[in-house]
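A.B. asks: everything below, folded, please.
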Amino acid sequence: MLFRSLTRWTKSCFRSGSDKDEVSREIPEKKEEEDVRGQTADVDDTCVGLRRPLKQPEFHQDKHTLGTFLAYRMEEIGVKDYFVVPGDFNLTLLDQLLKNDSLRLVGCCNELNAGYAADGYARASPARVAVVVVTFMVGSLSVLNAIAGALTDGLSVIVICGCPATKLLKDDRLIHHGLSTTDYDQALRMFREVTASAVRLDNAANAREVLDRTIAESLTKSMPVYIEVPADVGTVPVGRPSPLVINEPAPSKADAIAAVSNAFSRSWNHAAQPVMIIGPLARGCPQPLLLDFIERLGCPVFCQPDGKSLIPEDHDQFFGTFWGFASDPGIEKLALESDLWVVVGGRWSDLHHWGKAVYGPESIRTVDVQDGYVGMPSGERIEGVSLRATLSGIIGASLTSNCETCRPVKPLSANVTDTTTPDPNIPLPMTTISQGIGHLLKGNDTLIADSGDSWFNAQRVRLPRGADYQVQMIYSSIGWSLPATLGIQLARPDGRAILMIGDGAFQMTAQELSTMIRAKANPIILVMNNLGYVIETAIHDGPYNYISNWDYAGLGNCFSKAWHAVDGGSRFASAEESASRLAPGIISLRVKTAGEWHKALERIEREPEKLAILECCVHPTDYSEGLRQLGPVFR
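C.D. replies: Sure thing, here's the model as predicted:
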């Protein structure tokens, strides 16, 4: 099925320094291909610069084990919630983590969902880091798919995997959860392909040091890491933790900054109709600096579809989304008529240009600003400059001001909110849903779109200032968004996560709705029930694109039943958890008409503390024009 295959896409801006895996036992290197990862310039790490300073944890123990040491580090780097699927090889480690009352264990239904939840948490958390705990092989290989997606978006997701005790690993006998072989390094080798480092802490003498080094590597490179902890090592005594050492990246070189400023000035001063394009890799840049840069240039600004929310959509210079044939009206024409593209953090894939406005030929008029280098229209590439240093240097450069480049600009009419009210009795149209979401969003909320028509419809939604937008554009694993919404809601509890997801994607990961209920999370889940994989239908129709029709609105009650045993069968259940089972606080509605839609939104706003699940019954042929044009691209 489309969007399900494992890609090996990597991006240099997510990495700095050496990318060689550090393991406390030797893992055979692959000899058939050279590891070329990590060959980027030594630059400022903008993402790390945005992290909050490491705080002094409240958690203290008279005597630490490796497990409580890990719990200390998790609190220190800013983790408050961690995602878990228990298994026989991680149970004693989980006991150690539970000793830190500042951390909340969030039990998930399966490892793939737990990984997606960690992905969402890493996107939205102020610390930009998440932890997921799984068990050996059956758990780690299940979470592997989610970690591949986290890699593509440069997310610091730390995978902790409980594995067999060291004495078992050394014995020449089969171990359950293995692959019927005594080679137990398969998962380590697999994770090397999608992480900055894959290690096993089977040497108690240096386990603490390797653990610290691997955590720091995830933070500095903004990449996932994988750490196996043998069942007998999590309880090994270790010394009291000292502050975690994170090596600061080397500062940008002054001569490189000057070279960028001069080269940019030459290109800019000769341009008559420049435009700026903001891409997803600009997320590591502080928004005030990005706005200063935008206003210094004064030209029209577009965003790529996964760069939405990086510039306030009510800003005078913001025109809309540049996305090939799916661009906002008039945007593609303006871009292609421009003689200079200033692209900040841009990323170009087949899903960004649809094979039409191909990036390659446009390089002759593009200033490509990335974290680590700047590419000029002449083909010159200047290394050794961070994104932050580049923008600051250009802001201070000598730039020609003229009426063409610095004129006040107005947003296109397409970005003006539609205030028309449809007939309440008509079947629910997608345009009404998009308009309603726009009215529902507040400044600290997050809009999330799963792969499919939700991508296109989310672009129609006008975001208020302060609202965030999240999408998994490159990896595009359908179903990612539901567990990711759990992570985003827990990481950003002062706002609400609002999810647009198709029924096909929802069926992939639906179980995590029960975790949201149990965690008392209050996102808004909008399930677009259009009776199948509509994106697949648009590309290539066939009987395989149609699925069973679920009672999506009924799942709220299905996943929140009272226990059939008084104590829930658990001596660990709190009185609060028992009470929440009787009154879980859910709004669960099926919406078929425009009138029902508006009534549902009114109730959601009246009861913001409740999780809301709206099954939006949309006709299968009611999908966006962008999706309609998508089919020929992939045929």
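
A.B. asks: name the next helix or strand following the helix or strand hosting Q435 along the chain.
C.D. replies: Element membership for Q435, per DSSP states H and E: helix 430-440. Note on helix 430-440: by DSSP H and E, the next helix or strand toward the C-terminus is strand 446-449.

A.B. asks: note down every partner strand of that next one and its orientation.
C.D. replies: strand 468-471 (parallel), strand 497-502 (parallel) (DSSP bridges).

A.B. asks: now it - C-alpha only, CSV.
C.D. replies: Output of strand 446-449 as CSV, limited to C-alpha atoms (Å, rounded to 0.1, in the frame of the first residue of the first chain):
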residue,chain,number,x,y,z
THR,A,446,-2.0,22.2,17.3
LEU,A,447,-3.6,21.1,14.1
ILE,A,448,-2.5,17.6,12.9
ALA,A,449,-3.2,16.1,9.5
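
A.B. asks: using the three-state scheme, assign C616.
C.D. replies: With DSSP: H, G, I helix; E, B strand; the rest coil as the basis, the three-state label of C616 is strand.

A.B. asks: state the distance from H439 to E602.
C.D. replies: Distance of H439 to E602, computed by C-beta to C-beta, to the nearest Å: 10 Å. Placement of C-beta: from N, CA and C, glycine included.

A.B. asks: returning to what we had before: the helix holding Q435 versus strand 497-502: what angle between them?
C.D. replies: For helix 430-440 against strand 497-502, the angle by axes from the mean of the first three to the mean of the last three C-alpha atoms, to 10 degrees is 170 degrees.

A.B. asks: in helix 430-440, what's buried?
C.D. replies: Of the residues in helix 430-440, 430-438, 440 count as buried by neighbour count, 16 or more other C-beta atoms under 10 Å.

A.B. asks: please work out how many residues are found near the closest residue to L310 other than its chain neighbours.
C.D. replies: Closest residue in space to L310, ignoring its immediate chain neighbours: I278 at 5.1 Å, by C-beta to C-beta, 6 or more residues apart in numbering. Counted with other C-beta atoms under 10 Å, the neighbours of I278 add up to 27.

A.B. asks: OK, contacts around I278?
C.D. replies: 290, 301-304, 307, 310-311, 344-346 (C-beta atoms under 8 Å, 6 or more residues apart in numbering).

A.B. asks: closest to Q370 out of these?
C.D. replies: Nearest to Q370 among these, counting by C-beta to C-beta, is G345 at 6.6 Å.

A.B. asks: can you pull out the low-pLDDT segments for this structure?
C.D. replies: Counting by pLDDT under 70, the low-confidence segments of the chain come to 1-53, 355-361, 401-421, 566-569, 575-584, 631-635.

A.B. asks: let me know the outermost residue of it.
C.D. replies: D172 (40.9 Å; C-alpha atoms, centre = their mean).

A.B. asks: doesn't that residue lie inside a helix?
C.D. replies: No - for D172, which was evaluated using three-state DSSP, the result is coil, with no helix membership.

A.B. asks: hmm, T181 and it touching each other?
C.D. replies: No - using C-beta atoms under 8 Å, D172 makes no contact with T181, being 10.8 Å away.

A.B. asks: identify the contacts common to those two.
C.D. replies: With C-beta under 8 Å, 6+ apart, D172 and T181 have no common neighbours.

A.B. asks: any idea how far apart the tips of stretch 458-478 sit?
C.D. replies: Stretch 458-478 has an end-to-end distance of 16 Å (C-alpha to C-alpha, to the nearest Å).

A.B. asks: next one: stretch 243-252
C.D. replies: Across stretch 243-252, first to last residue, C-alpha to C-alpha, it's 26 Å.

A.B. asks: before we move on, what about stretch 516-523?
C.D. replies: Terminal-residue distance, stretch 516-523 (C-alpha to C-alpha): 8 Å.

A.B. asks: which residues touch that stretch?
C.D. replies: Contacts with stretch 516-523, where a contact means C-beta under 8 Å, 6+ apart, come from 106-107, 485-486, 488-490, 496-499, 556, 559-560, 577, 580, 584-586, 608-612.

A.B. asks: and E536, its phi and psi?
C.D. replies: In terms of degrees, to the nearest 10, the main-chain angles of E536 are phi -70, psi -40.

A.B. asks: that one: neighbour count?
C.D. replies: 21.

A.B. asks: and for L168?
C.D. replies: A total of 15 residues lie near L168 under the criterion other C-beta under 10 Å.

A.B. asks: adjust the sequence numbering to begin at 544 for everything that follows.
C.D. replies: Okay, residue one is now 544; in that scheme the one you just asked about reads as L711.

A.B. asks: ok, now which ones touch it?
C.D. replies: Counting by C-beta under 8 Å, 6+ apart, L711 has contacts I718.

A.B. asks: can you pull the phi/psi pair for it?
C.D. replies: Dihedral angles (degrees, to the nearest 10) for L711: phi -70, psi -40.

A.B. asks: how much space separates it from E654?
C.D. replies: Here L711 is placed at a distance of 21 Å from E654 (C-beta to C-beta).

A.B. asks: just the contacts of I821 now: which is nearest L731?
C.D. replies: Relative to L731, and with distances defined as C-beta to C-beta, the nearest of the contacts of I821 is G888, at 32.3 Å.

A.B. asks: excluding its backbone neighbours, what's nearest that closest one?
C.D. replies: Leaving aside its sequence neighbours, G888 sits nearest to A825 (C-beta to C-beta, 6+ apart; 3.0 Å).

A.B. asks: I'd say the one you found and K851 touch.
C.D. replies: No - the pair A825 / K851 is not scored as a contact, 11.5 Å apart, by C-beta under 8 Å.

A.B. asks: could you look up the SS state of the closest residue to W811 other than its chain neighbours?
C.D. replies: Of all residues not flanking W811 in the chain, L942 sits nearest, at 5.5 Å (C-beta to C-beta, 6+ apart). On the three-state scheme (three-state DSSP), L942 is labelled coil.

A.B. asks: number of residues surrounding L942?
C.D. replies: 18.

A.B. asks: in helices, which of the contacts of I821 fall?
C.D. replies: Members of the contacts of I821 lying in helices (criterion: DSSP state H): L833.

A.B. asks: okay, the contacts of I821 in JSON lines with neighbour count and distance to T778 next?
C.D. replies: Listed next are the contacts of I821 as JSON lines, based on neighbours: other C-beta atoms under 10 Å; distance: C-beta to C-beta, whole Å:
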{"residue": "L833", "neighbour count": "21", "distance to T778": "47"}
{"residue": "V844", "neighbour count": "28", "distance to T778": "55"}
{"residue": "F845", "neighbour count": "27", "distance to T778": "55"}
{"residue": "C846", "neighbour count": "29", "distance to T778": "49"}
{"residue": "Q847", "neighbour count": "24", "distance to T778": "48"}
{"residue": "G850", "neighbour count": "26", "distance to T778": "46"}
{"residue": "L853", "neighbour count": "23", "distance to T778": "45"}
{"residue": "I854", "neighbour count": "22", "distance to T778": "50"}
{"residue": "V887", "neighbour count": "27", "distance to T778": "49"}
{"residue": "G888", "neighbour count": "24", "distance to T778": "44"}
{"residue": "G889", "neighbour count": "23", "distance to T778": "48"}
